Each structure stands twice: as C-alpha cells, then as structure tokens.
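> Everything below, folded, please.
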Amino acid sequence: QVQLVESGGGLVQPGGSLRLSCATSGSIFSIYRMGWYRQAPGEQRELVGEITNGGTTTYADSVTGRFTVSGIISRDNAKNLVYLQMNSLKPEDTAVYYCNALLRPSITTPSRDYWGQGTQVTVSS
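Numbers count the residues shown, from 1 in each chain. The predicted structure is shown next:
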C-alpha cells in the first residue's frame with residue numbers, strides 16, 4: 001500500500017525559512033510527478049509547486065522566487081523524495097501543506113493522485 005510520509009513544518013517568523021520533506025513508501029510501478037499543495041482555513045486547496053520525473057518544475061505565482069521544489073523521482077527508487085524549501089515566508093503562507101504524488105502502484109492498478117496527511121505551517125511574529 002502506497003503512503004506519503006511528510007516531515008517538517010511548524011511556526012516561523014515572517015522572513016524566515018522552513019523545509020518540508022515527503023517520502024513514498026510501498027511498491028510503485030510508475031511515478032509521474034510529486035509536489036506540494038496547501039490549504040488555508042476557508043480556502044480551497046491550491047498547488048504550491050511540483051516536479052515531474054523528468055525534472056520539470058512548476059510553481060504558483062505567489063511563491064515563485066521564494067519556494068523551491070526538488071526531489072528524486074523514479075520507479076527504480078525504493079523511496080521517492082520531494083522537498084519544499086520555503087524562504088522569505090509571509091503570514092499569507094500560513095496553511096496546511098500536503099504532499100501529493102501522481103503514481104501507479106502496479107501494472108493492474110490505474111494511476112491516481114495520492115496525498116500525505118498534511119503538516120501545519122504557521123508564519124507569525
């Protein structure tokens with residue numbers, strides 16, 4: 001059974017930095033991309049940034065230049081990893097951050113999105 005396990009997050013002052021990590025566990029037949037979404041209270045979940053198995057990255061306009069997604073994504077890896085380095089944090093970055101992966105667990109199972117449990121990031125003085 002595939003799981004996404006997140007770590008990092010917490011409380012940080014405006015202008016500070018945090019790093020989130022996410023690792024897959026379980027058998028994976030194919031993996032296409034991994035990334036991060038966030039959801040603030042009363043808001044919809046939104047894409048923060050993602051990286052494909054070819055190394056292409058995509059970011060939300062609100063975080064471009066401040067956040068960086070990196071990782072190692074390959075079906076040959078026993079564990080796939082994705083990181084979110086967050087710099088120059090602002091109070092409006094406060095949200096629950098979710099790790100996401102589009103993958104196919106086995107040749108007989110269709111690909112779909114998988115989600116981590118979420119980790120709270122709070123930016124406040």
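> any chance you could map the strands in the protein?
3-7, 10-12, 18-25, 30-39, 46-52, 57-59, 67-72, 81-86, 95-104, 112-115, 119-123 (DSSP state E).
> Quick one: those strands as TSV, columns for mean pLDDT and mean neighbour count too.
The way it works is simple: take the backbone N, C-alpha and C, and place the C-beta from them, glycine included. Converted to TSV, the strands of the chain look like this (pLDDT from 0 to 100; neighbours: other C-beta atoms under 10 Å):
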stretch	mean pLDDT	mean neighbour count
strand 3-7	94	16
strand 10-12	98	13
strand 18-25	96	20
strand 30-39	96	21
strand 46-52	97	19
strand 57-59	97	15
strand 67-72	95	18
strand 81-86	96	21
strand 95-104	97	21
strand 112-115	97	14
strand 119-123	98	17
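> Got the confidence number for residue 77?
Note on residue 77: pLDDT of 64.
> meant to ask about residue 74, not that
78.
> quick one: contacts for the residue lying closest to residue 15 once chain neighbours are set aside?
In space, not counting the residues next to it along the chain, residue 15 is nearest to residue 88; the distance is 6.1 Å by C-beta to C-beta, 6 or more residues apart in numbering. For residue 88, the contact set (C-beta atoms under 8 Å, 6 or more residues apart in numbering) comprises 15, 17, 66.
> partners of the one residue sitting closest to the centre of the chain in the sheet?
Closest to where the C-alpha atoms of the chain average out (C-alpha atoms, centre = their mean) is residue 36, at 2.6 Å. Taking DSSP bridges as the rule, residue 36 bridges to residue 49, residue 99.
> The closest residue to residue 25 other than its chain neighbours and residue 9: what is the separation?
Of all residues not flanking residue 25 in the chain, residue 3 sits nearest, at 4.9 Å (C-beta to C-beta, 6+ apart). To residue 9, residue 3 is 17 Å away according to C-beta to C-beta, to the nearest Å.
> Brilliant, that's me finished.
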